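Predicted model follows, preceded by the sequence.
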Amino acid sequence: TPASPLSSAGFVVGHAGLYQALAMFAVAYFIIGMTVLSVCAIATNGALDAGGAYYMISRALGPEFGGSIGIMFFLANVCGSALYVLGLVEAVVDSFGIPPGQKAGTGVHVLPQSYWYELLYGTVLLALCLLVCLVGASIYAKATFLIFLIVVGVLGTILVSFFATRPIGVPIRLPHFNGSETENGSFTGFSLATLRDNLGGGYGVDYTTGQMMSFSSVFAVMFNGCTGIMAGSNMSGDLKRPSYSIPRGTISAVLFTYLVYNLLAFLMCATCNRTLLQKDYGFLRDISIFPPLVTVGIYAATLSAAMSNLIGASRILYALARDDLFGRALTLAKKTSASGNPVMAVILSWLVVQLVLFSGKLNTIAGVVTTFFLLVYATVNLACLALEWASAPNFRPTFRYFTWHTCLLGIAGCCIMMFLISPVSASASLGSLLLLLLALHYLSPSSTWGYISQALIFHQVRKYLLMLDVRKDHVKFWRPQMLLMVQNPRGSARLIDFVNDLKKSGLYVLGHVELQDLDTLPSDPLQPQQDSWLSLVDKLNVKAFVSLTLAPSVRHGVRQLLFTSGLGGMRPNTLVLGFYDDTAPQDGLAQHPAFTSAREEVPLGFPPLRAPTDPKLLSAREYVGIVADALKMLRNVLLARQLESLDKAWELRRAASPPPTIHVWPVNLLRPDSARYADTCSLFLLQMACVLNMARAWRRARLRLFLCVEAGAMPHAQEEKLRQLLKDLRIQAQIQLVPWDAVTRLHWQTPRGPPGGPAPAGAVEEEEEEEEGAVNFPANAAQVSDEYVCAANKLVLEQSPAPAVRFLYLPRPPADTSLYPLYLHQLELLTRGLGPTVLVHGVSAVTSTQL
């Protein structure tokens, strides 16, 4: 409506001059124009409900942003309503108040003037607004339309008065804090001299507050007259066709008021001297051809603005209450009348406005109100910008006269003007917004509105995944990307947590194979399980993805996941399996701290664990075949045994000295005749132990590297060589020499591999594989006896103190598949009784000495 130009144009022009006034209008309406384009775009992208800007923001940016901005917008409307009521009281007192120094009034000047009397007048006027709003939106719409007609008539009268009124002097009665002093302003009619005098700024003291005006303070008061652009959208729940009415009504109102502002500013500068403009904000009555009509118009316009803000605040409060973002705190505001009018929200809004009226003068709260509105406008632009940048197919507004540039300009303009007007208010508003965001993020229930953050993340991740070129991979930037196969999370909780520490900011995928045939099923059985797995990831606080598949066998399922898991340059390079033995699985999920400390129930989507008497889902041959498949596909392999017995919290937090250790055995204990410490697999094993030690939870642990030496083999030279290797790799570890002549003697006593004799075929093949990088499968299991393996196990076990976890070299499976059970048997003997142990085989170079 043209209400605000009538009441504030003279104030702006009187202090700022024509040039600065036009600049203020341009800046204000530029910000408003950009925001209006965003409002129109969001309003035409789907059905709107009650809440206006709050509804738009919450459905676009999610409940955290929506709820926090909703509260800020509610306060902005509340303060705006109080601002207009105080402005109306000021106008009434100027017209009908008893002059300062007089005990009794004369003529029309009959109203006493004091803080409490003015508060009383404001309360009465606010009660009138309350009555209209309680009746409902229909009577409010009729009242505002009637007021609009009155104001348009008054505006026409004023425009005629500028041309019809002859030059006159206007006596100005100054406010009571200046005593009974009077000054004379003048209406000169159209005068070039008057126009020249009013071109530049001439900021003076505001006679209502006694404060010195500046560009920012004048802009703050003027901008409040432009905040009516949200009046239509605030009534979105009461409009029959909000997507049709809001764009047309809002744009028409903005263009109309902008033209009226500029026209009045020019006419005032050309006809009124600065004294009149600065000292008498009601001078339009004095120059009008029909003064009472101007008075009625200004009163009606200001009352309309107060009602608009009050009913807007009530609709926002009702929408907030209905969305349950603040729990029971706003339950009362949900109550409506039989016709659907949120009467309790109206009453609560009225109470808050009544409290704001105690602040007194209107210009004291103008800066705060302007800051709140600017913050809301910036967020509306942000919501539209996010929707545009997300490129979601369902963002198809019928209003197309906007781009992301207009949204960005609107955000920048709002933020700049916020801090120019009042840096303190702007900082306080942003701080309050941040606190509300955090509170809602942690306390509010989840919503089903959709989160724009997810769309934006998807958009950016897709873009960066396309930029992640696997052809540009370099060993310097290698990181483990894990695929952990989990049969049942109930028996693997600590293993899942352990692998999360091993990933070092890399990809982590929890894989699961369901043994079913989709041809015989009515629907996909994996979809109902997905939520249980995702809830598990959240509860365990691991940064992992979930990948489930159907297959006729576990081996086929693991192959599928190795081939298909990941995307682009983010694919698993390391397969992690639990160890295959006869140990009965234990339900570690119920005892996990994530559930015991928070008293949470274990997710019910997982079946109970396999009983010891139940058959296993895969055979020993199939298990070793999975390891062989992974190595064929050039994936590193980790076999984790007894990780469920690892109490990480106790191991790493105990105050005992020395700190817990990580034992590393980078030698192939099943091939003592080809023991090497610098092959690809040994370096990979060392890298994984180092990565674990770099994890935050394991930084207190110490690496201990075991160097197996034989008599007469110059152990100190070997130790120095290994120490230099660790120095080049920047790995801090203690080296411990371990004589193992007694163990290797058992190996040489076997008929398969005598010293000095011809190397077994498997050994030759493995040496070729190490040198040439070929994928061969030597018959490792055929070269050592069980007696030797037990001796090697005892050697590892005797090293004290007992570590938190051990890393051992995992040899390749034999080429002869009939030897798979024997291979697995010897791995079981090697790791029996060792506690938490990880068998590691690496196929790719992962260490670098380059800068």
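The structure has been received and is ready for your questions.

now the strands: where do they sit in the protein?
168-173, 182-187, 482-485, 508-515, 545-551, 574-578, 636-641, 661-665, 702-709, 734-739, 805-809, 837-841 (DSSP state E).

same question for the shortest one, mean pLDDT?
Looking at strand 482-485 alone, the average pLDDT works out to 94.

Which strands border that strand, and is each parallel or antiparallel?
When pairs are called by DSSP bridges, strand 482-485 turns out to pair with strand 508-515 (parallel), strand 574-578 (parallel).

Kindly report the same for the last one.
Listed by DSSP bridges, the sheet partners of strand 837-841 and their directions read strand 636-641 (antiparallel), strand 805-809 (parallel).

Mean pLDDT, mean neighbour count and distance to Leu437 for the ones you listed - can I get that in TSV?
Glycine gets a C-beta too; all of them are placed from N, C-alpha and C. Listed next are the strands paired with strand 837-841 as TSV, based on pLDDT from 0 to 100; neighbours: other Cβ atoms under 10 Å; distance: least, Cβ to Cβ, whole Å:
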stretch	mean pLDDT	mean neighbour count	distance to Leu437
strand 636-641	95	24	41
strand 805-809	93	25	41
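
now those strands in TSV, with distance to Phe395?
As requested, those are exported to TSV (distance: least, Cβ to Cβ, whole Å):
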stretch	distance to Phe395
strand 636-641	43
strand 805-809	50
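
Can you check which of those strands gets nearest to Arg700?
strand 805-809 (13.5 Å; Cβ to Cβ).

what's next to that closest one, contact-wise?
Strand 805-809 is contacted from outside by 498, 643, 646, 662-669, 681-682, 685, 688-689, 692, 796, 830-831, 834-841, using Cβ atoms under 8 Å, 6 or more residues apart in numbering.

Identify the residues contacting the spatially most central residue of the chain.
The centre of the chain sits closest to Ser453, judged by Cα atoms, centre = their mean, with a distance of 6.3 Å. Ser453 makes contacts with Leu61, Gly62, as judged by Cβ under 8 Å, 6+ apart.

on that earlier part again, could you redo the strands paired with strand 482-485 as TSV and give each row mean neighbour count, mean pLDDT and distance to Gly62?
Converted to TSV, these look like this (neighbours: other Cβ atoms under 10 Å; pLDDT from 0 to 100; distance: least, Cβ to Cβ, whole Å):
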stretch	mean neighbour count	mean pLDDT	distance to Gly62
strand 508-515	21	93	26
strand 574-578	25	95	35
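
Nearest to Ala845, out of those strands?
Nearest of the strands paired with strand 482-485 (Cβ to Cβ): strand 574-578, 13.8 Å.

What values do phi and psi take at Asn541?
phi 60, psi 50 (degrees, to the nearest 10).

possible to save the strands of the chain as CSV with distance to Lys721?
Compiled in CSV, the strands of the chain are given as follows (distance: least, Cβ to Cβ, whole Å):
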stretch, distance to Lys721
strand 168-173, 98
strand 182-187, 98
strand 482-485, 31
strand 508-515, 35
strand 545-551, 41
strand 574-578, 28
strand 636-641, 25
strand 661-665, 16
strand 702-709, 10
strand 734-739, 10
strand 805-809, 18
strand 837-841, 21
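
so which of the ones you listed comes closest to Ser425?
The nearest among the strands of the chain, by Cβ to Cβ, is strand 168-173 at 31.5 Å.

Can you list the strands that the closest one pairs with?
According to DSSP bridges, strand 168-173 has these partners: strand 182-187 (antiparallel).

follow-up on the earlier one: can you say which of the contacts of strand 805-809 are buried?
Among the contacts of strand 805-809, the ones that count as buried by 16 or more other Cβ atoms under 10 Å are 498, 643, 646, 662-669, 681-682, 685, 688-689, 692, 796, 830-831, 834-841.

quick one: the lengthiest helix in the chain to chain centroid distance?
Across the chain, the longest stretch assigned as helix under DSSP state H is helix 3-43. Put simply, helix 3-43 sits 33 Å off its chain's centre (Cα atoms, centre = their mean, to the nearest Å).

Equivalent analysis for stretch 605-613, please.
Stretch 605-613 sits 39 Å away from the centroid of its parent chain (Cα atoms, centre = their mean).

as a whole number, average confidence for that stretch?
77.

Of all the strands paired with strand 837-841, which one is nearest Tyr677?
Closest to Tyr677 of these is strand 805-809 (Cβ to Cβ; 10.1 Å).
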